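Q: My questions are about this predicted structure, shown below with the sequence.
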Amino acid sequence: MIQLHAIEKLYGKQPALQQIDLTIPKASSFGLVGPNGAGKSTLMKILVGVIEDYKGQIKIDSAPYVGNQTAMKQRIGYVPQDICLEETLTARDNLILFGRLYGVKGKKLQERINAVLELIGLKDREKSLVSTFSGGMKRRLNIGCALLHDPDIMILDEPTVGVDPQSRRAIFEMIHSFKNNGKTVIYSSHYMEEVEQLCDHIGFIDRGVVIEQGKLRDVLARHRQSSIYVEGKGISKQLLTGFEGVTEHEEGYLIESQTPLQTLEAVTCHLAKKAILPARLELSQAKLEDIFIKLTGTPLRDNGWEAQQ
Ligand SMILES: Nc1ncnc2c1ncn2[C@@H]1O[C@H](COP(=O)(O)OP(=O)(O)OP(=O)(O)O)[C@@H](O)[C@H]1O
């Protein structure tokens, strides 16, 4: 388990992180979610020891993190937001370079490189120069470089920005297999759909402050507001006056409800009594992104995840 307590970081006089308390359970896939500039990268850099001038305490499996960072760093694989590869070398030579940086040598290094090449799906391109790779292939190799020392904690800072759908799928499979082997994944993103798909725990961060955290399903249950959407000829706000929380939406109306199935039944009966057949009558649930916006008033992304597909 990773525990962060009262973490604070200033850039000059500007606070980037304020009183961060986070618990990341062992063998979880933890999504650190927030808009651009929220503080995700700063927090990750603190965790991997790139940033050392911060306040607060970190514990990994109850042991204080500061003081024995070298030993701890051996347990962490870090994939930074910016791709860090030597373009004039082949994929295998890049892996050799990074393996040595992590202190992996000899037969062990060759074994790890073969395993990692399989995992990242680049075995058939191991002898190609990185300069000939697509953005997605470079991302996968970048992730592979962080896995050579066989860490049990993997920290990935927005690893799917600008990658093709095939590489995104490969990255997701890699993360699943890492987690299925009992390892911990910390994954930052401002793409909510990815986080809902990949992570079992989340932390919302906004303007350097953690505003919500916990099991994904508990966070959803705490904040998810269900609605009934109804649309059709003869359906008006006036017709729905007996229901609370009615708002206009698209071509029809949304009725907010804590008991959506009962409300759905009530709406069906009400319309049947008026002999109105709706064109659409459906249950709709707020997504993680809607919850984030509700909690902060801040949109999560500046461009759509779907736009990258
Ligand atoms: N080296 C730095 N010097 C000064 N300010 C910085 C530095 N790095 C980050 N910041 C500022 O700290 C805040 C948090 O930045 P950070 O990169 O941690 O956010 P982020 O959530 O990772 O954003 P993004 O999704 O855009 O990477 C931002 O206001 C940013 O401008």
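A: Thanks, I have the structure now. Numbering: from 1, shown residues only.
Q: tell me which parts of the stretch 51-200 of the chain are close to the ligand?
A: 81, 190 (Cβ under 6 Å from any ligand atom). For every residue, glycine as well, the C-beta is placed using N, CA and C.
Q: mind showing which ranges of the stretch 51-200 of the chain have poor pLDDT?
A: When residues are selected by pLDDT under 70, those of the stretch 51-200 of the chain lie in 66-69.
Q: ok, which stretches of it are helices?
A: Using DSSP state H, counting those that start in this stretch, the helices of the stretch 51-200 of the chain run over residues 69-73, 91-101, 106-119, 135-145, 165-180, 192-198.
Q: Throw those helices into a markdown table and include mean neighbour count and distance to residue 10, thanks.
A: What follows is the helices of the stretch 51-200 of the chain, written out as a markdown table (neighbours: other Cβ atoms under 10 Å; distance: least, Cβ to Cβ, whole Å):
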| stretch | mean neighbour count | distance to residue 10 |
| --- | --- | --- |
| helix 69-73 | 14 | 21 |
| helix 91-101 | 20 | 30 |
| helix 106-119 | 15 | 37 |
| helix 135-145 | 23 | 29 |
| helix 165-180 | 17 | 32 |
| helix 192-198 | 18 | 28 |
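Q: Which one of these lies nearest to residue 263?
A: Nearest of these to residue 263, taken as Cβ to Cβ: helix 192-198 at 24.3 Å.
Q: so what does that closest one touch, helix or strand wise?
A: Here helix 192-198 touches strand 29-33, helix 165-180, strand 184-189, helix 288-296, going by 3 or more Cβ pairs under 8 Å, 6 or more residues apart in numbering; DSSP states H and E.
Q: do that again at 10 Å, thanks
A: strand 29-33, helix 165-180, strand 184-189, strand 201-206, helix 216-223, helix 288-296 (3 or more Cβ pairs under 10 Å, 6 or more residues apart in numbering; DSSP states H and E).
Q: got a list of contacts for it?
A: Applying Cβ atoms under 10 Å, 6 or more residues apart in numbering, the external contacts of helix 192-198 come out as 29-33, 156, 158-160, 168, 171-172, 175-176, 179, 185, 187-189, 191, 202, 204, 216, 220, 287-292, 300-301, 304-306.
Q: For the helices and strands packed on helix 192-198, could you give me a markdown table that also reports distance to residue 267?
A: As requested, the helices and strands packed on helix 192-198 are exported to a markdown table (distance: least, Cβ to Cβ, whole Å):
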| stretch | distance to residue 267 |
| --- | --- |
| strand 29-33 | 33 |
| helix 165-180 | 38 |
| strand 184-189 | 36 |
| strand 201-206 | 32 |
| helix 216-223 | 23 |
| helix 288-296 | 21 |
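Q: Please see if stretch 2-15 touches the ligand.
A: Yes. Legend: contact between stretch 2-15 and the ligand by Cβ under 6 Å from any ligand atom is shown at residue 11.
Q: Counting neighbours, which of the contacts of helix 192-198 end up buried?
A: 29-33, 156, 158-160, 168, 171, 175, 179, 185, 187-189, 191, 202, 204, 216, 220, 288-289, 291-292, 300, 305 (16 or more other Cβ atoms under 10 Å).
Q: Pick out the residue of the stretch 101-250 of the chain closest to the ligand.
A: residue 190 (5.7 Å; Cβ to the nearest ligand atom).
Q: which outside residues touch stretch 164-175?
A: 29, 79, 116, 119-122, 134-140, 143-144, 147, 154, 156, 159-160, 163, 183, 185, 187, 191, 194, 197-199, 305, 308-309.
Q: how far out from the middle of the chain is that stretch?
A: Distance of stretch 164-175 from the chain centroid (Cα atoms, centre = their mean, to the nearest Å) equals 14 Å.
Q: And for stretch 219-235?
A: 26 Å.
Q: Flag every buried residue along it.
A: By neighbour count with 16+ other Cβ under 10 Å, stretch 219-235 contains the buried residues 219-220, 223, 225-231, 235.
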